[in-house]
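> 3D, please:
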Amino acid sequence: MRLSERLAFWRQFQDHFASTGAIQPSSRFLARAMTEPLRDRQPAAGVRVVEMGPGTGAVTRGIVEAMQPDDKLDCFEINPEFADYLRRVVATDPAFEASRHQIKVHTADASHAVIDAPADYVICSVPLNNLPPAAVEAILEAGARLLAGDGWFTYFEYVLLPRLRGATAAHGERERIRAVQQLKAQFSGAGTCSRIVLPNLPPARAVHVPFSARQA
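Modelled structure (predicted):
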C-alpha cells in the first residue's frame, strides 16, 4: 500500500470517522476475499460491477485484478476528496492501465447509485457497522435495486467489533448496533457465505450474499 494512500486515508479518517470507519485502508487480503465471487464468476466475461464507498481504492485494486476486458466498474464515493484521489489513481497508476477505460468514479452517495444496466456484482466497501440503521437499510436496498434480482452483494465487517462495542457502549449505541446487525441478518439468506480475514487491521469478515438465492 502506498504512503500517499495511507496519508489520504488518515486525513479523511480524522475528519470523517463515521464514514471512513477504520484506521487504515483494507488490506489486500480483505480485498481478495471481497472479490471471490467476481473471480469465480459465471458468466466468464462482460459483467457489471458496482463498488460502494471505495475510499482510496484498496478494494478497487482487488476488483481490477479480477476484471476482464469486457467488464465495467462503477465506483460511488460520497467523500469528494476520496473520489478525486481515486480518479487520480485510476488515471496514473500502472496497475490500472489496462482497465482504466472500463472504470467510472462517481462522486455520489452509494444509496443513490444509478447505472444504465443491472449489476452482476455489488461490492460494498462502506463500514456499515458505523452507520445509522436508516443509512444501512438504504444501502442494502440500493444493492438490491442495482442487482435487479440476480447477482452477488458483498460487504465486510470487523470480527467481534460489534459485540465488543455493544458490550461497552451506552444504551443508544447498543440499540443502533443491534438494529444494524438485524438489518444485515434480514438481508442475508440461503447461500450466504463468509470468509474470515485475520491479516487485516482489525481482523475482518467478507460476507457474500447470492441475491437470487436470497429472493427465492
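> neighbours around Tyr157, how many?
Rather than Tyr, residue 157 is Glu. Neighbourhood size, Glu157 [other C-beta atoms under 10 Å]: 18. For the C-beta atoms, the positions are set from N, CA and C on the backbone; glycine is no exception.
> can you read off the pLDDT for it?
Listed pLDDT for Glu157 reads 92.
> didn't Ala66 look like it was pressed against Arg39?
Yes. Ala66 is within contact range of Arg39, at 4.5 Å (criterion: C-beta atoms under 8 Å).
> which parts of this protein are strands?
Per DSSP state E, the chain carries strands over the ranges 48-52, 72-77, 103-107, 121-124, 152-158, 193-197, 204-210.
> between Ala66 and Arg39, which has more neighbouring residues?
Neighbours around Ala66 and Arg39, counted as other C-beta under 10 Å, are more numerous at Ala66. The numbers are 19 against 12.
> that one and Thr35: what is the separation?
To Thr35, Ala66 is 5 Å away according to C-beta to C-beta, to the nearest Å.
> the lengthiest helix in the chain: how far from the chain's middle?
Across the chain, the longest stretch assigned as helix under DSSP state H is helix 171-187. Relative to its chain's centre, helix 171-187 lies at 19 Å (C-alpha atoms, centre = their mean, to the nearest Å).
> number the residues from 770 up from this point.
Yep, numbering from 770; the last one is helix 940-956 now.
> show me which residues of it are buried.
945-946, 949-950, 952-953, 956 (16 or more other C-beta atoms under 10 Å).
> and stretch 868-881, by the same measure?
868-869, 871-872, 874-876, 878-880.
> quick one: terminal-to-terminal distance for it?
Start and end residues of stretch 868-881 are separated by 25 Å (C-alpha to C-alpha, to the nearest Å).
> what does it contact?
Defining contact as C-beta atoms under 8 Å, 6 or more residues apart in numbering, one finds that stretch 868-881 is touched by 821-823, 833, 836, 838, 840-847, 849, 852-853, 855-856, 859-860, 865, 882, 893, 895, 904, 907-908, 910-911.
> what is the rounded mean pLDDT of it?
Per-residue pLDDT over stretch 868-881 has a mean of 97.
> quick one, what contacts Tyr924?
Taking C-beta under 8 Å, 6+ apart, one finds 893, 895, 897, 953, 975-976, 978 in contact with Tyr924.
> for Val828, state which of the buried residues of helix 940-956 is nearest.
Nearest to Val828 among the buried residues of helix 940-956: Lys953, at 18.1 Å, using C-beta to C-beta.
> on the pLDDT front, check Asn848 for me.
With respect to pLDDT, Asn848 has a value of 91.
> for it, phi and psi?
phi -80, psi 110 (degrees, to the nearest 10).
> returning to what we had before: output the buried residues of helix 940-956 in CSV; the columns should cover distance to Val816.
What follows is the buried residues of helix 940-956, written out as CSV (distance: C-beta to C-beta, whole Å):
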residue, distance to Val816
Arg945, 35
Ile946, 34
Val949, 29
Gln950, 30
Leu952, 27
Lys953, 24
Phe956, 21
